[in-house]
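K.L.:
okay, predicted coordinates and the sequence, questions at the end:
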Amino acid sequence: MKKLYSTIFVLLTLLALTTGTVFAGSVVGMSVTNGGGGPTFTFTVTGEFSPSELKDGFVQMGDETFPLDCVQRDATTIVCHASKKADGNVLVGFGGARFWTEMPEPQGPATKENCYTLFDLVHGQQGWQPFGEYCMDREAVVGDTYVTYNPYVNQADWTYFYLLSAPDPGIYGNNPGNGFYPITAN
């Protein structure tokens, strides 16, 4: 009888461990690009990551460690931008995984063909208003992020997302088309 209880206990423990980790996200792989303004790390993942887990990424370069700003694009992709430029061999940590990687050489300056309008809601004006431009070394894809100073709310780290049209154009009165928009308050 004691053996039966031990077997049941072991099986229940294994069941609890496997069901507890089903919903947690895990990192499968990583790639890195360097557009000259700082590296972009793209993680291939399974599962969802909480907002606090998205803030736990880091890059270690020598004795210096700095955070990653991460956004989960979909169930299999998380994109992170480093808060500083990095070069040489670096250690990248995210979601419990660690990767040693050699930073690629920065790509050339962005061309005017890959520039996109930054839009924001401006108090006293109706709808989305342009307030700047962001140029990239490649064509933007939906979900790309750009972190910059927002003059309307006087905040340094405001995240904008590339979208093909304005979020909720009916509510805000207009739809200026593709560009970078803030879709959540920071």
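P.N.:
Looks like it came in fine.
K.L.:
got any ranges where this protein has weak pLDDT?
P.N.:
1-24, 35-38, 83, 106-112, 123-125, 156, 169-170, 184-186 (pLDDT under 70).
K.L.:
now the strands for it?
P.N.:
Under the criterion DSSP state E, the chain contains strands at 26-34, 39-46, 58-61, 64-74, 77-82, 89-94, 97-102, 115-121, 128-135, 145-150, 155-163, 179-181.
K.L.:
what about Thr46, neighbour count?
P.N.:
If you count neighbours by other CB atoms under 10 Å, Thr46 ends up with 12. (Glycine included, C-beta is placed from N, CA and C.)
K.L.:
report the beta-bridge partner residues of it.
P.N.:
With DSSP bridges as the criterion, Thr46 is bridged to Ser26.
K.L.:
that one and Val141: what is the separation?
P.N.:
From Thr46 across to Val141, the span is 21 Å (CB to CB, to the nearest Å).
K.L.:
that older thread, tell me which of the strands of the chain lies nearest to Ser52.
P.N.:
For the strands of the chain, proximity to Ser52 was assessed by CB to CB; strand 64-74 is nearest, at 11.0 Å.
K.L.:
show me which residues of that closest one are buried.
P.N.:
Leu68, Asp69, Cys70, Val71, Gln72, Arg73 (16 or more other CB atoms under 10 Å).
K.L.:
residues contacting the last one?
P.N.:
In this structure, Arg73 makes contact with Val79, Gly143, judged by CB atoms under 8 Å, 6 or more residues apart in numbering.
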